[in-house]
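1. sequence first, then the predicted structure, then my questions.
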Amino acid sequence: MRASRLLLPTLRDDPADAVAASHKLLVRAGYVRQVGSGLWSFMPLGFRTLTRTMQVIREEMDAIGCQELLMPIMHPEELWRQTGRNMIPELFKLQDRKGSELVLAMTHEETVALHAAGEIRSYRDLPQCWYQFQTKARDEPRPQGGLLRTREFIMKDAYSLDRDEAGLQASYAAQAGAYRRIFDRLGLQYYEVDSDVGMMGGSAAMEYMAPSPAGEDRIALSEDGSYSANVELAVSRATLPDFGPSEPTHEIETPGITTIDQLAEFVGRDPRLTMKAVIVVPEDEQGGVVLALVRGDHRVHDLKLTRAIGGPFRPATPEEIRNVFGAEPGSIGAVGVREGALRDLIVDPVLEHGGYLAGANRTGWHLHGVEYGRDFTGRLVDIRHVEAGELSVETGSPLRIESAIEVGNIFQLGTRYADALGATYLDENSVEQSIWMGSYGIGPARTVAAIAEQCHDEKGLIWPASVAPYDVWITPIGEAALAFADTLDRELSSAGLAVVVDDRDLSPGVRFADADLIGVPLRVTIGKRLEKDGVISIKRRGGADEVDVPVEDAAEALLAFSGS
RNA sequence: CGGGACGUGGCGCAGCCUGGUAGCGCACGCGCUUUGGGAGCGCGGGGUCGUCAGUUCGAAUCUGACCGUCCCGACCA
């Protein structure tokens, strides 16, 4: 293919509004263009890379017996009412001309359960696995980072249907294996981490996380490799202070002290010997205030607390705090709270042992020696944010925290969707049973962006061979060189390689710069030395220096390079 | 939703404070020269200055509203 016939809209400057490396590079190299916030077109170059990425995914799905199908993007809202997910704020809603209510699918569990209910009759029909590449629409509060977070995107979503939990676990394991093969083939560096089930519900989930500074997620990883989890649910062994002997509680006056730092400083004690009170109000109709306690030097993880409460919450106002505790914010604790004043009292398990300095519910005073079980009780739920340097629970290996991009996830859903939509089968005893479902997603476009984040240098993109838009980029300099380039193109193309001959009437420097920016793995330069010495130069993008190859060996050498 | 920034040819920007006929670089078209790392000279085309309203003799510039985009905090492939 001659470059003069291709759309190669490369840019010399970074787009002004781009921050993430993948955003800058994919726009500059002409792979993608923006249509609106979180809405992107894949230009021909980008579409080739996206297609190759999807093909790798398709091959590995097929390899585990998953069957490709296609479900609609537009659904009757009624379908989503049946699982209650029509209330999700990210769900786009619209009406047709008759006023019928429709939604744009943000995922397809409901549709799969609908078809399972319609088509699966017997245990003999199970297990099944279905997948598709389909556009998802999500009314994101904040699209971001170019392709990293968009409002419309293609997802590979697969769904397993099994007769029982053991079957689901086998399907889940098969998907996990396929995912590892997919991301290995795509040349992506990634971690498989335990994750929150989020809006999907269900019992277990893992995420595939590509480490990158542009990533929005934080993952906790143990140094010995035995533990990896999203910080949304990561647990760790906290360091323990020297508590000293247990003492009865006694009040101490702490005038004007409202923060943990001030308190620790004022009494000259380790902040780890203090207790922090977080007061929040659940955002539901029930009303009431929840008191959450963590150690003074720890942070509450919002999502963990959301799970503990069972829904979203907001911080309590100073007035609400005064009303419930009879004291100013900054001197709140669990001891001496009026009976029935709290809707819930959640205690981080770190506080189960030891005596702490805590708020006295009396403005300007704190309590010394407060112990769980003796002085107060509450629901023990892990709500604390894991910190770098803490130790993994099982092996005691130190944890670090990395930023990462979520490129895929797998969920064990259980029977929630099947139950909501009546997806059942008859077992050997003619007893009706619920179908167990799993769902498995990969964002191909986000994966392309994650690869771009990991695989680039100051000159541009450096694609792994499996996803590069073309395999070989030939830059001929001069007429004789162009003729030989076309010959080489024919030879390599018939051997199955995708080749670009950059015949554009541009200076060599510009064409070299474009080739580097676009990131094709193999670069061939044909110049004066073709006629003088009978050699051409081959260079691997991002690899070692150029090597000269005699013209008669050129095709063979390139085929060997592309295969390795 | 809270906070911040920006909107001027295709791209990157200046001009705005201090109102007076819209400019620079790149890109683009034509001609000549040039060809192993973002070439040179010459000529040329292209902009309702986000939109609407207001102030003014006169608005890219001042005021207001709206729209759009990006970034930082709560959500997800």
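-> That came through, no problem. Residues are numbered from 1 along each chain as shown, chains lettered A, B, ... in the order given.

2. for the residue of the stretch 451-564 of chain A found nearest RNA strand B, grab the count of nearby residues.
-> Residue of the stretch 451-564 of chain A nearest RNA strand B, by C-beta to the nearest atom of the strand: A:Gly527 (1.9 Å). From N, CA and C alone the C-beta is placed, and that goes for glycine too. For A:Gly527, the neighbour count with other C-beta atoms under 10 Å is 17.

3. try A:Asp375
-> 18.

4. swap in A:Ile538?
-> 19.

5. tell me the spacing between A:Thr111 and RNA strand B.
-> Distance of A:Thr111 to RNA strand B, given as C-beta to the nearest atom of the strand, to the nearest Å: 15 Å.

6. counting contacts, what elements does the helix or strand where that residue lies pack onto?
-> Assigned by DSSP states H and E, A:Thr111 falls within helix A:109-119. Counting contacts by 3 or more C-beta pairs under 8 Å, 6 or more residues apart in numbering; DSSP states H and E, helix A:109-119 is packed against helix A:77-81, strand A:128-137, strand A:152-162, helix A:416-421, strand A:436-442.

7. pLDDT on the fourth one, on average?
-> For helix A:416-421, the mean pLDDT works out to 95.

8. can you give me the helices for chain A?
-> Taking DSSP state H as the test, the helices found in chain A are A:21-28, A:44-63, A:77-81, A:109-119, A:165-185, A:260-267, A:302-309, A:318-325, A:416-421, A:444-454, A:479-494, A:508-518, A:529-532, A:554-563.

9. mean neighbour count and distance to A:Arg343 for the ones you listed - can I get that in TSV?
-> Below are the helices of chain A laid out as TSV (neighbours: other C-beta atoms under 10 Å; distance: least, C-beta to C-beta, whole Å):
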stretch	mean neighbour count	distance to A:Arg343
helix A:21-28	24	44
helix A:44-63	19	46
helix A:77-81	17	29
helix A:109-119	21	32
helix A:165-185	18	34
helix A:260-267	16	24
helix A:302-309	19	9
helix A:318-325	16	10
helix A:416-421	21	27
helix A:444-454	27	39
helix A:479-494	16	70
helix A:508-518	18	58
helix A:529-532	14	80
helix A:554-563	17	64
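
10. show me where pLDDT drops low in the stretch 201-350 of chain A?
-> The stretch 201-350 of chain A contains residues with pLDDT under 70 at A:201-202.

11. now the closest residue to A:Ser171 other than its chain neighbours: how far from A:Gly167?
-> Once flanking residues are discounted, A:Ser171 sits nearest to A:Ser160: 3.6 Å by C-beta to C-beta, 6 or more residues apart in numbering. Counting by C-beta to C-beta, to the nearest Å, the separation of A:Ser160 from A:Gly167 is 8 Å.

12. shared neighbours of the two, anything?
-> Common contact partners of A:Ser160 and A:Gly167 (C-beta atoms under 8 Å, 6 or more residues apart in numbering): A:Pro127.

13. near RNA strand B, which residues of the stretch 301-450 of chain A? Just list them.
-> By the rule C-beta under 7 Å from any atom of the strand, the part of the stretch 301-450 of chain A lying against RNA strand B is A:302-303, A:306, A:312, A:406-409, A:441-443, A:445-447.

14. A:Ile88 contacts A:Met106, correct?
-> Yes - between A:Ile88 and A:Met106 a contact is recorded at 7.2 Å, counting by C-beta atoms under 8 Å.
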